[in-house]
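Trainee: coordinates only, no sequence provided:
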């Protein structure tokens, strides 16, 4: 059985089946609270760390080195995180990684507050942060369906994503204020406190016991990775959508995150750019409510098709860069992406064996994260050669083509959701996944 949520005599999940019904289940509430705090801390950390590096050296090169070290460690260890999350109790992974992240953030904060920081030290601590994030991401994503009954998987994913979006909004919004008023060291200290709060929240997450028969193959990491890769490639719709998002993420990272601020500087100003980004998060919150209420059975088809909306902000930046129009485009973009995000989580959770789900999430995240720095690094040189206008329009065309290519897959078009009350079990041993 998926999750630990109670049902009444008629089989209806405790709390009903509405948008907020998953919150009736204690383990889900604790997991959602913990993830919100993790996203809050992870959104706040880069801003506080950036000010700390700039205060220490004033060098954007040093800043890139510190931030890049975290990203590289994160990508390098994502697959390891997937293996760990499928073979160690996921709640234990989350608790341990949150406590360790609190320790790392406290060490960074202390070095800044005591004026004892150095770039090598910050690089080392950033590597540790990236490694811990790689361990926690697959575990947290794969644990969600274990905290609610099968009939609540869709609203549970929607509510979870709304919570993480709220955490990201609050973290990014407060980071600059805290760094400006109290200093970046105290901002990093606040990160440590948030991670401690997340660890406490994760303590309240309980799932069904594993009850597995020991298997000597499970202590072989390479075997585990190969097993996860076979699961990842066995379903064409999985790797096709990941390939689509490798292109989409690279284009958006370069177009919106790199060229967007430059366009804003030349047109409607930096202050309004922050409002534009907030509009996307507001759209994501609205989109989460819509996705939770949706009964569309071909949810993956709808979500993949709506990914084409990612091209709209790029076209607006190129053709009519104004804060009002761009804000509307980003709001619509946030709504559209939540339809995909919830559909993707539900499809994976309903179709991937529970004992291998975290490794599939790890391969998915690896494909997405690898594309981000590629897009960011390529955007500047391409804009210098082709011009910002042409680069943005070319990016919009690439997003459209990648989406159309994904829709050519019959599996993407025909996969349905809601037909399963629980994720399939691993064929070799039909038992619950570890919690």
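Mentor: Received, thanks. Predicted, not measured: the structure shown is a model, and the values here were computed from it. Numbering: from 1, shown residues only.
Trainee: next SSE after the helix or strand hosting residue 333?
Mentor: Residue 333 belongs to helix 323-351 when assigned by DSSP states H and E. Per DSSP H and E, the first helix or strand lying C-terminal to helix 323-351 is helix 357-386.
Trainee: okay, buried residues for that next one please.
Mentor: Residues of helix 357-386 classed as buried under the neighbour-count rule (16 or more other Cβ atoms under 10 Å) are 357-369, 371-373, 375, 378-379, 382-383. For every residue, glycine as well, the C-beta is placed using N, CA and C.
Trainee: the helix holding residue 333 to helix 357-386, inter-axis angle?
Mentor: 150 degrees (axes from the mean of the first three to the mean of the last three Cα atoms, to 10 degrees).
Trainee: residues in contact with residue 248?
Mentor: Contact analysis of residue 248 by Cβ atoms under 8 Å, 6 or more residues apart in numbering lists 307, 310, 399, 402, 403.
Trainee: can we see that at 10 Å?
Mentor: 241, 307-308, 310-311, 337, 340, 368, 371, 375, 395, 398-400, 402-403, 406 (Cβ atoms under 10 Å, 6 or more residues apart in numbering).
Trainee: residue 136 and residue 400, how far apart?
Mentor: 34 Å (Cβ to Cβ, to the nearest Å).
Trainee: any buried residues in the helix holding residue 333, and which?
Mentor: In helix 323-351, counting by 16+ other Cβ under 10 Å, buried: 323, 325-351.
Trainee: what helices and strands are in contact with that helix?
Mentor: helix 119-143, helix 153-181, helix 236-252, helix 260-266, helix 270-293, helix 299-306, helix 311-319, helix 357-386 (3 or more Cβ pairs under 10 Å, 6 or more residues apart in numbering; DSSP states H and E).
Trainee: between those, which gets nearest to residue 69?
Mentor: Nearest to residue 69 among the helices and strands packed on helix 323-351 is helix 119-143 (4.5 Å), distances taken as Cβ to Cβ.
Trainee: list the buried residues in that closest one.
Mentor: Buried residues in helix 119-143, counting neighbours by 16+ other Cβ under 10 Å, are found at 119, 122-123, 125-143.
Trainee: so what secondary structure elements neighbour it?
Mentor: Counting by 3+ Cβ pairs under 10 Å, 6+ apart, the packing neighbours recorded for helix 119-143 are helix 26-56, helix 60-87, helix 90-113, helix 153-181, helix 184-203, helix 323-351, helix 357-386.
Trainee: in the second one, which residues are buried?
Mentor: Neighbour-count burial for helix 60-87 flags 62-63, 65-67, 69-71, 73-75, 77-87 (criterion: 16+ other Cβ under 10 Å).
Trainee: looking at that helix now, give me its mean pLDDT.
Mentor: Helix 60-87 comes out with an average pLDDT of 71.
Trainee: quick one: that helix to helix 357-386, angle?
Mentor: On the basis of the same axes, to 10 degrees, helix 60-87 is oriented at 160 degrees to helix 357-386.
Trainee: quick one: low-confidence parts of the stretch 51-200 of the chain?
Mentor: For the stretch 51-200 of the chain, applying pLDDT under 70 flags the ranges 59-61, 63-64, 67-68, 172-173, 175-176.
Trainee: 80 instead, please
Mentor: Along the stretch 51-200 of the chain, the model assigns pLDDT under 80 to residues 51-55, 57-88, 134-135, 137-142, 150, 154, 165, 168-181.
Trainee: tell me the buried residues within the contacts of residue 248.
Mentor: Buried, going by 16+ other Cβ under 10 Å: 241, 307-308, 310-311, 337, 340, 368, 371, 375, 395, 398-399, 402-403, 406, out of the contacts of residue 248.
Trainee: widest-spaced pair of those?
Mentor: For the buried ones among the contacts of residue 248, the farthest-apart pair by Cβ to Cβ is 241 and 395; their separation is 19.2 Å.
Trainee: quick one: contacts for residue 170?
Mentor: Residue 170 makes contacts with 36, 37, 39, 40, 43, 44, 194, 281, as judged by Cβ under 10 Å, 6+ apart.
Trainee: how close does it get to residue 225?
Mentor: Distance, residue 170 to residue 225, by Cβ to Cβ: 36 Å.
Trainee: got a pLDDT number for residue 2?
Mentor: 39.
Trainee: how about the contacts of residue 170 in a markdown table, adding distance to residue 93 and neighbour count?
Mentor: Listed next are the contacts of residue 170 as a markdown table, based on distance: Cβ to Cβ, whole Å; neighbours: other Cβ atoms under 10 Å:
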| residue | distance to residue 93 | neighbour count |
| --- | --- | --- |
| 36 | 18 | 24 |
| 37 | 16 | 26 |
| 39 | 17 | 23 |
| 40 | 20 | 27 |
| 43 | 21 | 22 |
| 44 | 22 | 27 |
| 194 | 18 | 27 |
| 281 | 28 | 18 |
